[in-house]
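Undergrad: okay, sequence plus prediction incoming.
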Amino acid sequence: DFQVAFDKPAGKISPHMWGIFFEDINMGADGGIYAELVKNRSFEFDEPWMGWKRLTKAPEGTLLIVNDSKRKGNARSLRVHNPDGLKLGLQNEGFRGMGIRKGETYEFSLLYNPLEAGLRIHVELLNEEDKVIGSATMALSEAEGWQSAKAELVASETSAKGKLNVWIEGKGTSSFDMISLFPKETWKNRPKGLRKDMVQLLADMKPGFLRFPGGCIVEGRDLATRFQWKKTVGPIEQRELIINRWNTEFKHRLTPDYFQTFGLGFYEYFQLAEDIGAEPVPILNCGMACQFNTGEVAPMDELEPYIQDALDLIAFANGSTATTWGKLRAEMGHPEPFHLKMLGVGNENWGPQYIERLEAFKKVLKEKHPEIDIIASSGTDPEGERFAYLDGELRSMGIDIIDEHYYRPPAWFLSSAARYDDYDRSGPKVFAGEYASHTTRPNGPGRSTWEAALSEAAFLTGLERNADVVTMASYAPLFGHVDGWQWSPDLIWVDNLNVYGTPSYHVQKLYSRNKGTDIIPIQRNGRPVTGQDSLYASAVYDEGQKQLIIKFVNYNSEPVQANFNVLAKRKWKGEATKITLANADLQVSNSLEEPLKIQPVEQQVNYKGKSVVETFAPYSFTVIKLTL
Ligand code: AHR
């Protein structure tokens, strides 16, 4: 028997409790959600021809990479000098090929600077067998200076590994740059926008927040390759790319072609957060590079530009259009503020160097922007234990929110459902900013099995029961591309044409879409249900929906019958929706072939009297929504 103390709510639940962690890892942004199909469109990768192949032989000097340092953020371009009118061709391989869909329109575009007019461009889409499945021709203007041109192509076939041929015809000389191909249909049909199918899965979660841009990429391997938000805003051709921190990270998955082009930059992250109804949660570098790599630090007397970046970011997000950064936001298309409320300082940083730098950030930020909550990192948590200073320095510093990360085996998640039951309520709130149940790491890639997801569901009952202190939670990493990942498990897997949610995705989504507004205590034998007999439970009330929502995990191989006595003065109707995620085999997962093997099954039920008597399937996570 379980007692549900409906009349004794135990605290409020943050409206942005369940959210999304976004990082450009596993080809999450470039080659993933950012819908650009051309790899190395601006020839700025370390090796300028990476991604490109010359289709024709041409005399020396016909095709040249020119480096013009006066061009902001994008010095290199391709100079074509073709006085004899030879047929010249280039092929781009895309990011592990290009996903092309039959009947869809693609927009090809480039920048060019004609020195001697007369060239024209013919482009072709190819499938895996090199068959042309779409083409277009465009003339180039004779006007002087850098300018843009575009053409549309319609694909006659679907191809998961398409390619692009660019033929340069006619006599003349011109520079070319930003050679680009996007599907016309993107999320909200924004030109050069995001992959619609991938964003849709995020929107379906109804996330409370979007944390961006990472992860370790915030820190960089060294400070030179840290994420600098100012370099990711403004015209895309001026955004200076850098090598991705996840480039060739893991020997079993080499990705030497992994760069951050920043077509998805801070403006687009804010816009994405707004689109999907999520609070924007940017995390900035605190003057420290990744402590798993160089651990390079900026000296304290050189920290000022890092702190200024934080101040300017607040101006970019919230400032009036009369300020420099607010004006840029308006010029980019968003005069209204983005309503930034939280800002992270450092990702997975720790030790005295971190505390010192965090202090310096806090001093300035709290003085100038007391309205912004500061999120501090608690480093990683390799043993599943909190770092000593979590309850010490960060607490005594009066930090608003502490970001904890745990990548641990299923057994840890199952045994940690009470982790926050005795947590001191008088200080900072907790942001469970990165977690995932890892089935086989560190000896191999973790699989996103039902075992992993169900252990997370069990642990999350503990976050929900303690939602007065744990105010934010997000799984990590978010995306994995099947042909270019460095880290696994991930919440959502994609290839160039398809996307599916893992069992963990369905768990996250069920929590997020049924988060409620008030914590309702639920007990068995006078104690919270934290794994006794492998059962876990939490309950919330949703004021808007007037629903009592019970979440229950049965981590047993046998069905379990349970009786919930709802202690409520209020009348209730007994009508309920029961949503079940279950599988008797803990080793199953979803896949491209079977994307919905594990998915929620919804049914309408009716409970008589004031108790809910229910049988829970073996290895199941169930959400019961009772209308009162
Ligand atoms: O989510 C993958 C990585 O895990 C993140 O980049 C980092 O913060 C953590 O170590």
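TA: On my side now, so go ahead. Note that this is a predicted model, so its numbers are computed, not measured.
Undergrad: where does the nearest residue to Pro280 once chain neighbours are set aside land in three-state SS?
TA: Using Cβ to Cβ, 6 or more residues apart in numbering and skipping residues adjacent in sequence, the residue nearest Pro280 is Ala273, 4.1 Å away. C-beta coordinates here come from the backbone N, C-alpha and C atoms, glycine included. Classification of Ala273 into helix, strand or coil gives helix, according to DSSP: H, G, I helix; E, B strand; the rest coil.
Undergrad: over to Phe413?
TA: helix.
Undergrad: separation between it and the ligand?
TA: When distances are taken as Cβ to the nearest ligand atom, to the nearest Å, Phe413 and the ligand turn out to be 16 Å apart.
Undergrad: check contacts around that residue.
TA: With contacts defined as Cβ atoms under 8 Å, 6 or more residues apart in numbering, Phe413 is in contact with Ser437, Ser455, Glu456, Ala458, Phe459.
Undergrad: now do the SS call for the last one.
TA: Going by three-state DSSP, the secondary structure assigned to Phe459 is helix.
Undergrad: contact partners for it?
TA: Listed by Cβ under 8 Å, 6+ apart, the contact set of Phe459 reads Phe413, Leu414, Ser416, Ala417, Arg419, Tyr435, Ser437.
Undergrad: give me the buried entries from the residues you listed.
TA: In terms of neighbour count (16 or more other Cβ atoms under 10 Å), the buried residues within those are Phe413, Leu414, Ser416, Ala417, Arg419, Tyr435, Ser437.
Undergrad: tell me where the stretch 501-628 of the chain has strands.
TA: Counting by DSSP state E, counting those that start in this stretch, the stretch 501-628 of the chain has strands at residues 518-520, 522-524, 527-528, 535-542, 547-554, 560-566, 575-582, 601-606, 611-616, 620-627.
Undergrad: check which helix or strand covers Ser320.
TA: In this structure, Ser320 sits in neither a helix nor a strand according to DSSP states H and E.
Undergrad: surely it touches Gly326?
TA: Yes. Counting by Cβ atoms under 8 Å, Ser320 does reach Gly326; the two are 5.1 Å apart.
Undergrad: coming back round to it: how many residues are close by the residue nearest to Pro280?
TA: When neighbours are counted by other Cβ atoms under 10 Å, Ala273 registers 26.
Undergrad: thought it was touching Pro213?
TA: No. Using Cβ under 8 Å, Ala273 is not in contact with Pro213; the gap is 11.9 Å.
Undergrad: tell me which stretches of the chain form helices.
TA: Taking DSSP state H as the test, the helices found in the chain are 196-204, 216-219, 266-275, 304-318, 324-331, 351-368, 393-397, 410-415, 450-465, 503-513.
Undergrad: same list, these, but as a markdown table with mean pLDDT please.
TA: As requested, those are arranged in a markdown table below (pLDDT from 0 to 100):
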| stretch | mean pLDDT |
| --- | --- |
| helix 196-204 | 98 |
| helix 216-219 | 96 |
| helix 266-275 | 98 |
| helix 304-318 | 98 |
| helix 324-331 | 98 |
| helix 351-368 | 96 |
| helix 393-397 | 88 |
| helix 410-415 | 96 |
| helix 450-465 | 98 |
| helix 503-513 | 98 |
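Undergrad: got the confidence number for the residue in the stretch 301-450 of the chain positioned nearest to the ligand?
TA: Of all residues in the stretch 301-450 of the chain, Glu348 sits closest to the ligand, at 4.7 Å by Cβ to the nearest ligand atom. Confidence at Glu348, expressed as pLDDT, is 92.
Undergrad: quick one: contacts for the residue lying closest to Glu614 once chain neighbours are set aside?
TA: Residue nearest to Glu614 in three dimensions, not counting chain neighbours: Ala562, with 5.9 Å by Cβ to Cβ, 6+ apart. For Ala562, the residues meeting the contact criterion (Cβ under 8 Å, 6+ apart) are Asp1, Phe2, Leu535, Phe552, Val613, Glu614, Thr615, Phe616.
Undergrad: of the residues you listed, which is the most crowded?
TA: Ranked by neighbour count under the definition other Cβ under 10 Å, the contacts of Ala562 are headed by Phe552 with 27 neighbours.
Undergrad: now that one: how far from Gly326?
TA: 48 Å (Cβ to Cβ, to the nearest Å).
Undergrad: dihedrals phi and psi, the residue in the stretch 1-150 of the chain positioned nearest to the ligand?
TA: Using Cβ to the nearest ligand atom, Glu23 is the residue of the stretch 1-150 of the chain that sits closest to the ligand, at 5.3 Å. Recorded main-chain torsions at Glu23 are phi -140, psi 150, according to degrees, to the nearest 10.
Undergrad: correct me, but it touches Gly214?
TA: Yes. Under the criterion of Cβ under 8 Å, Glu23 makes contact with Gly214 at 3.6 Å.
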